[in-house]
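**Student:** give me the fold of what follows.
(one chain, ligands or ions: 1)
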Amino acid sequence: MSRIAYFGPQGTFTEQAARRLAADDELFPVETISAALTAVRKGEAAGACVPVENSVEGAVTATLDGLAEDAPLVAVAEELLAVHFSVLTRDDVETVGTVASHPHALAQVSQWLAANLPQARTVVASSTAAAAVAVQRGEYDAAVAAPVAVEHYPLRVLATGVADVPDARTRFLLLRPPGTLAEPTGCDRTSIVAAAANRTGALAELLTELAFRGINLTRLDARPIKGNFGLYRFFIDFEGHIFEPRIGDALAALRRRCNNVRFLGSHPRADGVAATVEQGAANQDFVNAADWVAAVRRGELA
Ligand SMILES: O=C(O)C(=O)C[C@]1(C(=O)O)C=C[C@@H](O)C=C1
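**Tutor:** Coordinates of the predicted model:
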């Protein structure tokens, strides 16, 4: 059994994801995403579970920035959770004047808050569960939290199933130090981050290398390279696994065009969606084409 750090405290959505991703491991909460990554880099944890993207609010920027800098970490698995919130308060609260939560959570319930608690001021907390802790301590009147939070913090449930977008989901990663990679399943996702050069067409060249090989993107995010105004890193997720010939070929091409590229993992997709295969871009097509070149080089074919 190994120790896995997760973005806590107890009762976050991330804890639920960690329980699914590392069911047999010992989980321990840390206050920030950065602390979870640091625990792995320092060898205090064998892995870390953190959120990476939400279908309403987009990228979890602390995770992206944390993966681009310092010692490399690799995503070995992912989990997708449906996100519906509970609004929690204390028994002594008569009128909700303040409502606290993680910024992603507040963004996912802004319409509900405007309709149901129009008088309440929103306050940012480090996580949904940290907001519940603050309400328990009397710092704020209400928290927008994961439904499981009431099991840890005995608060009054004001509302359940709260979500402006009914199908909202958040994706979480299990990160480990670089090591042995899992075998491809046919339903995989590969992630990289590349600091494309600041010149005309540099990003288009990288994306074209993927498009030429029939590789479907699943996400593209830009984050500033701090301290260099106007320079960006690009986080690119795409279908497939580094062990596949076409993905290996594409990664080699990306590396050739941009030596500032970091591999962030190849792992099965939580939604089980199989990779798109364009005509002439199946793995066997790459193998056959390489075999043909080898035969020509040996002088066997023309
Ligand atoms: O605060 C939590 O409960 C988290 O796990 C973080 C987080 C996020 O980063 O998006 C996870 C899921 C929800 O979308 C809201 C917050």
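
**Student:** residue numbers of the stretch 151-300 of the chain in contact with the ligand?
**Tutor:** Thr170 (Cβ under 6 Å from any ligand atom). Where you see a C-beta, it was placed from the backbone N, CA and C, and this is true even at glycine.

**Student:** report the central residue of the protein.
**Tutor:** Val52 (2.0 Å; Cα atoms, centre = their mean).

**Student:** ok, that residue to the ligand distance?
**Tutor:** 8 Å (Cβ to the nearest ligand atom, to the nearest Å).

**Student:** now do Glu79
**Tutor:** Glu79 is 11 Å from the ligand, by Cβ to the nearest ligand atom.

**Student:** shift numbering so it begins at 700
**Tutor:** Understood, numbering begins at 700; the last thing we discussed is Glu778.

**Student:** so that residue touches Ala716, yeah?
**Tutor:** Yes. Between Glu778 and Ala716 there is a contact at 4.2 Å, judged by Cβ atoms under 8 Å.

**Student:** which parts of stretch 989-1001 are buried?
**Tutor:** By neighbour count on 16 or more other Cβ atoms under 10 Å, the buried set for stretch 989-1001 is empty.

**Student:** then stretch 926-943?
**Tutor:** Buried, per 16+ other Cβ under 10 Å, within stretch 926-943: 931-941, 943.

**Student:** and which of those residues is nearest Ala903?
**Tutor:** Phe933 (11.1 Å; Cβ to Cβ).

**Student:** quick check: can you list the domain ranges of this protein?
**Tutor:** 700-781+870-878, 783-861, 880-1001 (automatic domain parsing).

**Student:** would you list the ones you listed in a markdown table and tack on mean pLDDT?
**Tutor:** Shown next, in a markdown table, are the domains of the chain (pLDDT from 0 to 100):
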| stretch | mean pLDDT |
| --- | --- |
| domain 700-781+870-878 | 97 |
| domain 783-861 | 98 |
| domain 880-1001 | 96 |
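
**Student:** I figured Cys859 hits Val847, correct?
**Tutor:** I think there's a mix-up here, since residue 859 is Thr and not Cys. No. Counting by Cβ under 8 Å, Thr859 stays clear of Val847, with 11.6 Å between them.

**Student:** looking at the two, which one has more neighbours?
**Tutor:** The neighbour count for Thr859 versus Val847, taken as other Cβ atoms under 10 Å, is higher for Val847 (17 against 12).

**Student:** quick check, the residue in the stretch 850-999 of the chain closest to the ligand?
**Tutor:** Thr869 (3.9 Å; Cβ to the nearest ligand atom).

**Student:** dump the residue contacts of that residue.
**Tutor:** 712, 716, 750, 752-754, 779-780, 782, 803 (Cβ atoms under 8 Å, 6 or more residues apart in numbering).

**Student:** quick one, what contacts the residue nearest to it when sequence neighbours are not counted?
**Tutor:** Distances taken as Cβ to Cβ, 6 or more residues apart in numbering place Asn753 nearest to Thr869, at 4.6 Å, with adjacent residues excluded. Asn753 sits next to 759, 782, 803, 807, 867-870 when contact means Cβ under 8 Å, 6+ apart.
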